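Participant: Sequence and predicted structure, then a few things I'm wondering about:
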Amino acid sequence: MSIRRALVVPAVLAGAALALTACGPDNPGDAPQPAKQTTAADPKPAASDTTAPKSAAPTSAAPKPADPAPGTAAPAPSGKPTAGGTAGGAGDEAYAYAHPCEGKDLTVKVTVRPEAPTQRVIEVRNQGSHACGLSYYPLVSLGDSHAADHGKDVRPLVPGGLGGAPAYPVGAGKSAYAVIDLNPGGAAAGTAPVDQLNVLPDDRLPTAETRNFPLGAGAKVLGPKLGLYRATVADAAAVAATADQRP
């Protein structure tokens with residue numbers, strides 16, 4: 001009888017061990033396995049999907065650099081700037097340097113500068129459809145409107161030491177200003193008889209393009225000074241004050 005009891009106990013223990021082994025998968029400690037499933041669907045494929053548009057973007061953007069090329073190359077064969085451009089634009093300046101202004105495209109107006117009665121403002125306007133180039137300053141003389149010979153007309157001093165650009169560019173529809181001071185010293189007695197201001201807007205134009213303007217009663221002329229073309233009257237007047245040599 002004692003021998004049978006010793007055999008039964010090991011059998012019971014073995015059965016208990018088998019029961020514990022069978023319950024092993026239900027242990028909560030194995031819960032991280034769903035996490036392994038999420039790592040199996042690792043976002044790496046998603047990352048490759050997001051990088052795909054980035055690599056595609058340059059191909060779709062590639063035509064953009066090509067667009068300016070036709071735009072910049074177009075003026076070269078035609079040699080024409082954009083209509084209505086200002087003289088400050090690089091394209092207008094390049095075109096103006098190679099295309100002197102024509103007399104038929106220019107209008108000239110002379111007015112008294114209100115803040116300086118001895119000064120006259122010469123406004124030259126480009127009525128053409130493209131930019132053009134003027135000489136550094138207009139050719140100006142002062143004389144007798146009734147004289148047959150203008151060889152003795154008074155010519156103003158102009159600024160010296162000129163250089164730089166080959167011409168003064170004026171955009172289509174824009175104006176250039178030059179100022180002449182008839183009597184910079186304010187002398188009481190002037191050169192007589194002088195009653196007319198003669199203006200040739202560009203020194204490359206024929207003398208037939210000279211425009212004549214009356215100075216008005218009481219105008220006195222002595223040691224006149226003429227400035228360069230500028231975009232504003234104030235700048236033109238400042239340059240006129242530096243005139244120091246004969247044209």
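Facilitator: That came through fine.

Participant: residues of the strand ranked longest in the chain that come out buried?
Facilitator: Secondary structure of the chain read by DSSP state E shows that its longest strand is strand 116-126. For strand 116-126, the neighbour count (16 or more other Cβ atoms under 10 Å) marks 118-126 as buried. Using the backbone N, CA and C atoms, a C-beta is placed for each residue, glycine as well.

Participant: Counting neighbours, what do you get for residue 107?
Facilitator: 12 (other Cβ atoms under 10 Å).

Participant: and it, that's in a strand?
Facilitator: Yes - using DSSP: H, G, I helix; E, B strand; the rest coil, the assignment for residue 107 is a strand.

Participant: Now do the contacts for it.
Facilitator: 124-125, 127 (Cβ atoms under 8 Å, 6 or more residues apart in numbering).

Participant: looking just at contacts, which helices and strands does the longest strand of the chain meet?
Facilitator: If you count contacts as 3 or more Cβ pairs under 8 Å, 6 or more residues apart in numbering; DSSP states H and E, strand 116-126 packs onto strand 106-113, strand 175-181, helix 233-240.

Participant: ok, residues contacting the shortest one?
Facilitator: Translated: strand 175-181. By Cβ under 8 Å, 6+ apart, strand 175-181 touches 87, 113, 116, 118-126, 134, 137-138, 140, 156, 168, 170, 197, 224-233, 235-237, 239-241.

Participant: Show me which of the buried residues of strand 116-126 is closest to residue 247.
Facilitator: residue 122 (14.4 Å; Cβ to Cβ).

Participant: Check what pLDDT the closest one gets.
Facilitator: Confidence at residue 122, expressed as pLDDT, is 98.

Participant: Run through the bridge partners of it.
Facilitator: residue 110, residue 178 (DSSP bridges).

Participant: okay but it is in contact with residue 110, surely?
Facilitator: Yes - applying Cβ atoms under 8 Å as the test, residue 122 and residue 110 come out as touching, 5.5 Å apart.

Participant: what residues are shared contacts of the two?
Facilitator: residue 199.

Participant: Relative to residue 105, how far out is residue 227?
Facilitator: Going from residue 227 to residue 105 by Cβ to Cβ, to the nearest Å gives 23 Å.

Participant: These two: who's more crowded?
Facilitator: Neighbour count, other Cβ under 10 Å: between residue 227 and residue 105, residue 227 has more, with 27 against 15.
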